[in-house]
Structures are given as structure tokens and as C-alpha cells.
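> Here you go, sequence then predicted model.
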Amino acid sequence: MAQRPFSLKLFFAHTWLAKKLYYRHCHYIDMQNIPADGNSVVMVGNHQNCMLDPLNVEWAMRDRKPYCLVRGDVFKNKVFAAFLHWIGLLPVQRLNFEGYAGFNAKEANGKTFEAAEEQLLAGSTIILFPEGGHQDKRWLGYFSLGYLLMAFEAAEKSGFQREIYIMPFAHHYEKYDVPRYDFALRMGIPIPLSPFYKKYQEKPRTTMREVNSLVEQQISSLMLNITDLDHYFAIDTLRCSSYGSDYATRHGFNPDYLPERWESDKQLCQALSSDETDDRLLEEAGEVAKEIVDNGMRTWVVEQRPGWLRLIAQCVLSVLLFPLALVAMLCTFLLYLIPQFFYNKKINGAVDVMFRSTWQVGAAVFFGMPLLWMLPTLILLFVSWPAALIYLVAWPCLFLFESWYLRFTAKTAGIWRYLRRPDRNKLSDRWQAICDKLSL
């Protein structure tokens with residue numbers, strides 16, 4: 001059993017403030033399913049959003065100090081590695097990611113697995129993601145069996161006397177890469193390993209595959225798992241559009257409440273992926289959706305068909321609010337400037353767009369909040385405490401306003417791109433006809 005020391009509690013309180021700024025709402029579902037602190041628990045989930053995935057679980061754990069196995073390449077810097085160890089992260093060299101062959105990866109991970117097993121036997125919680133790398137879409141990737149090898153080896157060290165639980169969970173992000181949207185975390189049903197101990201001693205590999213199948217089935221049922229990869233873009237675009245909202249409303253779900261929208265989207269994507277859906281309609285939907293996105297728009301603009309009057313009104317409002325937006329940007333620029341530097345940074349030879357939110361939250365935790373919020377507040381405190389109090393309250397409000405303003409101007413630009421198309425009504429009609437034919 002591991003409790004967070006006071007210094008670590010302070011750090012996570014600091015990151016909690018960043019979470020409150022980044023997310024609009026966080027929903028934690030069925031958290032009571034997690035075995036009580038003091039039990040040996042291996043938490044296993046889908047990997048959808050880089051470093052925010054383990055952070056979201058740690059934020060949900062409150063006083064408990066879990067240990068999380070993460071990609072080993074982020075431990076290259078010794079100073080940063082010491083910090084990562086302090087917050088409970090352990091490095092794992094991943095097969096086919098960091099260039100390790102199977103034997104070398106197992107050898108490289110020996111110390112990490114041994115440390116994790118000792119923590120398990122002490123009643124701690126381990127968080128890991130068997131997919132290895134995070135996915136760039138809403139699907140479940142291939143699971144490595146390393147997490148079960150670690151769990152069963154820990155049980156073996158206890159003489160198979162210690163109960164070890166596998167705790168499946170699933171993330172769901174309303175939007176992956178921009179702030180001020182909702183997030184949800186749902187726990188499954190814990191799987192005790194003790195019923196498998198005897199079989200593991202006789203057929204370890206077969207037993208691990210059996211347990212892994214149970215874990216994969218749970219996580220797949222919890223998450224939004226779009227299995228029709230041939231029509232992925234069409235299905236994902238449809239569920240995010242008013243088509244997905246209308247489907248939720250017709251089937252008794254609240255489309256504006258993420259946990260219910262999550263369930264509705266699961267049903268909708270399953271229905272669209274079924275054999276009963278006309279593949280030609282999905283292919284056409286994908287073509288139209290691609291045309292919309294490639295022209296710098298989103299589906300809402302072709303659905304709402306805004307006119308020139310709305311464009312003029314939004315342009316006027318953008319100009320009127322620009323001075324306040326400029327002040328807000330001056331007070332929060334590091335939250336946007338630092339991530340912008342890393343957005344197109346190549347990692348292992350390729351641009352990884354799923355790092356976007358990691359850079360955003362990291363910039364807030366390590367630079368934006370300390371340098372632009374807390375430090376000026378402390379300086380003002382020596383000048384005028386009312387001014388310090390005003391700035392303390394105003395800074396997060398300015399960030400929220402800036403996030404809204406950037407989204408508002410992006411939508412205004414989308415309306416402009418729509419209105420300048422001579423075939424805009426034809427495009428809207430085509431999208432609407434597809435949605436009508438796909439009525440479920």
C-alpha cells in the first residue's frame with residue numbers, strides 16, 4: 001500500500017488546477033469497482049491520448065499513489081527521469097517502438113518489472129497500457145501479455161497466496177487535442193487472478209491468453225471501439241455531427257452529457273458497422289466528410305447553412321472583443337506558444353499528433369501557471385493585495401475567454417469558407433441526403 005507523500009500531494013494539487021482549466025467537465029464512472037487500497041491491483045486500459053491517459057487515472061485515485069509503466073524513451077534526460085520516478089512512473093522499453101528485439105526488451109525491462117512486482121506484493125496499484133503505443137483513433141489495438149506475466153510472477157513470488165486483481169478501465173475524450181471539452185473515465189469489473197493460479201502453473205502461456213481475452217473483451221465493451229476500419233472516417237464524422245446528436249435524442253440519451261453520449265455513440269457506431277448498413281452510403285459519407293474537412297470546415301457549418309448576416313455579426317463581435325483577447329493572450333501566451341513549438345516535432349521519425357494535449361497540459365503545469373499566474377500574483381501581493389487578488393481570479397478567466405475566442409474565430413473562418421463556395425447548397429444537400437438515407 002502506498003500513500004502519496006505531502007510534497008507529491010502538493011504537486012498533484014497543482015496539476016489538478018491545470019486539469020480544471022483544460023477540461024470543461026470530468027466524469028468518473030463506477031470508481032467504486034476499484035479494489036480498496038491495500039489490495040494488489042493492475043489497472044489496464046485503452047491508450048488513447050499519450051501522457052494524459054495515466055494522468056487522468058492518477059487524478060481519479062486521489063490519495064493513493066499508483067505506479068505507472070510508461071514508454072522508456074521519455075527517461076533519456078537524467079534530471080527529468082528523476083522527476084518521473086518521483087511521481088511514480090517506471091520506464092518500459094517497448095517491442096518494435098524503441099528498437100528492442102524481444103529478448104533485449106525483456107532484459108531491459110527486468111528491473112522495472114521486478115520493481116513493479118515488489119510494489120504489487122506490498123499492496124500497491126500499477127497502471128499500464130498493454131497496447132504499448134497510444135492509438136490515433138478510437139479503436140483497441142493489440143495487447144502485449146507482459147502485464148499478465150508481471151502479475152502472475154508477483155503471485156508466484158508470494159507462493160500464489162496473494163490475490164492480484166486486473167482492473168480494466170476505458171478512457172473517452174470528447175475532443176483529443178483542444179481544451180475546454182469533456183472527458184470520462186469508466187471502470188469495469190475487477191478480475192481476480194487466484195482462480196487461474198493452478199492452471200497458470202501448468203500452462204502459463206495458455207492461461208495468460210485466456211485472461212487477456214477477458215480483459216480485452218471488457219475494455220472493448222467499455223470504450224468507443226470503432227471496428228469498421230474501412231469506413232472509420234465516415235462513421236466517426238457522422239457520430240460527431242448533428243446526426244449523432246439526433247440519434248442520441250431519439251434513443252433516449254442526453255447528447256450534451258458525455259457519459260450518455262458515450263453510450264449512444266457506441267450503439268450508433270455498432271449499428272453503422274453492421275452488415276445491414278449500405279457500404280456505398282458510408283463510402284459517399286466519407287467522401288463528403290473529407291471534402292468538408294479538406295476545405296477547412298466542419299459538418300456543423302454545412303448542416304446549419306449560415307448566411308452572410310451571421311458572418312458579418314461574428315466578424316464585428318470578433319473585432320470588438322479583440323482588445324480583450326489580446327490582453328488574455330499576453331497573460332496566457334506560454335500555454336499556446338510552447339505547445340505550438342512541439343506540435344510538429346518528429347518523434348521516432350514521425351509527427352505524433354496525439355502529443356498535442358500532452359504539450360498543452362505540460363506547458364500549463366511547468367511554465368504557464370507558475371510564470372504567468374502564480375509568480376505575478378506573488379509579486380503583486382507585495383505591491384497591493386487587492387490587485388493580487390484580482391489577478392489571481394482574473395487569470396483563469398482570461399484563459400477561458402481566450403479558449404472560447406480562438407474557437408469562435410475558427411468557426412467564423414469556417415463560415416467564410418462555406419459562404420465563398422458557389423456550390424455550398426449542393427454540398428449541404430448532399431450531406432443531408434446521406435444522413436436521411438442512413439436513418440437508424
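Now that the structure is in, tell me what you want to look at. Numbering: from 1, shown residues only.

> so how far is Met369 from the residue lying farthest from the centre of the chain?
Residue farthest from the centre of the chain, counting by C-alpha atoms, centre = their mean, is Val383 at 41.2 Å. According to C-beta to C-beta, to the nearest Å, Val383 stands 21 Å off from Met369. Quick note: C-beta positions are derived from backbone N, CA and C, even for glycine.

> What count of nearby residues applies to Lys266?
Using other C-beta atoms under 10 Å, Lys266 has 18 other residues around it.

> Find the nearest non-adjacent residue to it, please.
Spatial nearest neighbour of Lys266, excluding adjacent residues (C-beta to C-beta, 6 or more residues apart in numbering): Leu224 at 5.5 Å.

> which SS class is that neighbour?
At Leu224, secondary structure determined by DSSP: H, G, I helix; E, B strand; the rest coil is coil.

> And for Arg138?
Per three-state DSSP, Arg138 ends up coil.

> mind checking how far it is from Cys240?
Counting by C-beta to C-beta - Arg138 and Cys240 are separated by 11 Å.

> One more: Pro396?
Distance of Pro396 to Cys240, computed by C-beta to C-beta: 28 Å.

> ok, now Asn39?
39 Å.

> Over to Val383?
Distance of Val383 to Cys240, computed by C-beta to C-beta: 48 Å.

> out of Arg138 and Cys240, which sits in the more crowded spot?
Between Arg138 and Cys240, counted using other C-beta under 10 Å, Arg138 has the larger neighbour count: 20 against 17.

> close enough to count as contact, the more buried one and Asp236?
Yes. Assessed by C-beta atoms under 8 Å, Arg138 is found in contact with Asp236 at 6.7 Å.

> Between these two, which contacts overlap?
Ile226 (C-beta atoms under 8 Å, 6 or more residues apart in numbering).

> can you give me the strands in this structure?
Here the chain has its strands, by DSSP state E, at 23-29, 40-45, 67-71, 89-92, 125-128, 164-173, 181-187, 191-192, 346-347, 350-351.

> weakest of the ones you listed by average pLDDT?
Ranked by mean pLDDT, the strands of the chain bottom out at strand 346-347, with a mean of 58.

> what residue ranges in the stretch 51-200 of the chain are flagged as low confidence?
When residues are selected by pLDDT under 70, those of the stretch 51-200 of the chain lie in 63, 94-108.

> measure Gly133 to Val70 for me?
In terms of C-beta to C-beta, Gly133 sits 11 Å off from Val70.

> actually Glu156, sorry about that
Glu156 is 25 Å from Val70, by C-beta to C-beta.

> ditto for Asp37
Asp37 sits at a distance of 22 Å from Val70 (criterion: C-beta to C-beta).

> Kindly report the same for Tyr23.
21 Å.

> wait, isn't Tyr22 in contact with Trp359?
No. Assessed by C-beta under 8 Å, Tyr22 is found out of contact with Trp359, at 11.6 Å.
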